[in-house]
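A.B. asks: need a 3D model of the sequence below.
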Amino acid sequence: MGTGYKLINIHPTLPDNIPEDERLSEMRIDEKKRIFGFRVQSVYYIIWFDRNHSVCPE
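C.D. replies: Now for the predicted structure:
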């Protein structure tokens, strides 16, 4: 099982310090847990830890 990386187009309001034009992505940690963030070059910045898969429910 991999990380399940995918880009997110519809998401909750971003924190004030995150530019609105950042491309957000989701990475699956396991069947329920997700992290959401964005990448700048080779650095991935985590915005949310989503233990219950509630930030962007599928």
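
A.B. asks: going forward, measure contacts and count neighbours with C-alpha atoms only.
C.D. replies: Will do.

A.B. asks: and the residue lying closest to residue 50 once chain neighbours are set aside, what does it touch?
C.D. replies: Closest residue to residue 50 apart from its sequence neighbours, by Cα to Cα, 6 or more residues apart in numbering: residue 34 at 4.9 Å. Applying Cα atoms under 8 Å, 6 or more residues apart in numbering to residue 34 gives the contacts 26, 27, 28, 49, 50, 51, 53.

A.B. asks: need the three-state assignment for the first one.
C.D. replies: In other words, residue 26. strand (DSSP: H, G, I helix; E, B strand; the rest coil).

A.B. asks: quick one: residues contacting the closest residue to it other than its chain neighbours.
C.D. replies: Nearest residue to residue 26, sequence neighbours excluded (Cα to Cα, 6+ apart): residue 36, at 4.6 Å. The contact partners of residue 36, taken as Cα under 8 Å, 6+ apart, are 24, 25, 26, 27, 46, 47, 48, 49, 50.

A.B. asks: just the pLDDT for the last one.
C.D. replies: pLDDT, residue 50: 84.

A.B. asks: which parts of stretch 15-30 are buried?
C.D. replies: Neighbour-count burial for stretch 15-30 flags 24, 25, 26, 27, 28, 29 (criterion: 16 or more other Cα atoms under 10 Å).

A.B. asks: now the residue nearest to residue 26: which helix or strand?
C.D. replies: strand 34-40 (DSSP states H and E).

A.B. asks: what helices and strands are in contact with the helix or strand that comes right after that strand?
C.D. replies: Using DSSP H and E, the helix or strand that follows strand 34-40 in sequence is strand 43-50. Here strand 43-50 touches strand 34-40, going by 3 or more Cα pairs under 8 Å, 6 or more residues apart in numbering; DSSP states H and E.

A.B. asks: what's across from the residue nearest the centre of the chain in the sheet?
C.D. replies: For the chain, the residue nearest the mean C-alpha position is residue 36 (1.6 Å; Cα atoms, centre = their mean). Taking DSSP bridges as the rule, residue 36 bridges to residue 26, residue 48.
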